[in-house]
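Chemist: build me a model:
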Amino acid sequence: MEWILMTLASLLAGFVDAIVGGGGLVMVPALFAAFPGAPPATLLGTNKAASVWGTAMATWQYSRRVQIRWQAMLPAAAAGFAGSFAGAWAVTVISADFLRKLLPLVLLTVLVYTLAKKELGRHHTPRFAGRAEVLVAGLIGVLIGFYDGFFGPGTGSFFVFLFVRLLGYDFLNASASAKLLNCATNIAAIVLFAAKGHVWWHFAVMLAVANVVGSLLGTHMALKHGTGFVRGIFILVVSTLILKTGYDAFLR
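Modeler: Okay, the predicted model is just below:
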């Protein structure tokens, strides 16, 4: 029964994550509920080892239909990898508890801003080109990459929001680019988790297959319905993140 439930959870996580990020909202609680006695690092490492395949598949699917700005996004992905690795190391020496209470407030600010700006992310009008775009994208990559390695919840949503707000992308293009960077930050975390023996590889393979199937479905929906659909899912995911992180920070 655990294997069946985990497979379904991974499929749903891949679906949500492919559209706008936030697959961890589904997968991580499911793993902790199914294996309450397992070390948290092992469950997080197994989740990353499974979800990275769905994220990679979504990146490939988007790249066939959306014109990803590779000249800016590849350096940004490298910066995200480095940032995530540094964040994963930092959490071994610094407590992340202060972020637990701050995160719901930051997410609430993102939600209110997105709702107030009705036209935000509806049109793809990149603000920068050349070195300027590489620099801004790289700063986003290293900043959110560090956050992903250090704490994690909402990484994909933060990538999407900053690409929309700072780079001028629409939600569809922002989501496509976010997948590439999220893939890089996940790989950095997997390297660290695997080196410390915190990945159940036999379990991760099954979850990865389900995650890829969900990712294909989610990417298809996003490409079919476009920016408005992705914006709606973004608002839904951020709202859910606010409730989840708020509960964890102030009520649990």
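
Chemist: which parts of the stretch 151-252 of the chain are helices?
Modeler: Listed from the start of the chain, the stretch 151-252 of the chain has helices (DSSP state H, counting those that start in this stretch) covering 155-167, 171-195, 201-250.

Chemist: for residue 123, find the nearest of those helices.
Modeler: Taking Cβ to Cβ as the criterion, helix 201-250 is the member of the helices of the stretch 151-252 of the chain that comes nearest to residue 123, at 8.2 Å. Bear in mind the C-beta positions are built from the backbone N, C-alpha and C, glycine included.

Chemist: about what we covered before: export the helices of the stretch 151-252 of the chain to TSV and tack on mean neighbour count, mean pLDDT and distance to residue 86?
Modeler: Compiled in TSV, the helices of the stretch 151-252 of the chain are given as follows (neighbours: other Cβ atoms under 10 Å; pLDDT from 0 to 100; distance: least, Cβ to Cβ, whole Å):
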stretch	mean neighbour count	mean pLDDT	distance to residue 86
helix 155-167	25	96	15
helix 171-195	25	94	9
helix 201-250	19	95	23
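
Chemist: got CSV for those, with distance to residue 21 too?
Modeler: Below are those laid out as CSV (distance: least, Cβ to Cβ, whole Å):
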stretch, distance to residue 21
helix 155-167, 2
helix 171-195, 6
helix 201-250, 7
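
Chemist: so which of those comes closest to residue 99?
Modeler: Among the helices of the stretch 151-252 of the chain, helix 201-250 comes nearest to residue 99, with 9.1 Å by Cβ to Cβ.

Chemist: what packs against the closest one?
Modeler: With contacts defined as 3 or more Cβ pairs under 8 Å, 6 or more residues apart in numbering; DSSP states H and E, helix 201-250 has these neighbours: helix 2-20, helix 24-34, helix 40-65, helix 97-116, helix 155-167, helix 171-195.

Chemist: now tabulate those in CSV and tack on distance to residue 237.
Modeler: As requested, the helices and strands packed on helix 201-250 are exported to CSV (distance: least, Cβ to Cβ, whole Å):
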stretch, distance to residue 237
helix 2-20, 6
helix 24-34, 7
helix 40-65, 15
helix 97-116, 10
helix 155-167, 6
helix 171-195, 11
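
Chemist: for the residue nearest to the spatial centre of the chain, which non-adjacent residue is closest in space?
Modeler: The C-alpha lying nearest the average C-alpha coordinate of the chain belongs to residue 156 (Cα atoms, centre = their mean; 2.8 Å). For residue 156, ignoring the flanking residues on the chain, the nearest one in space by Cβ to Cβ, 6 or more residues apart in numbering is residue 21 at 1.6 Å.
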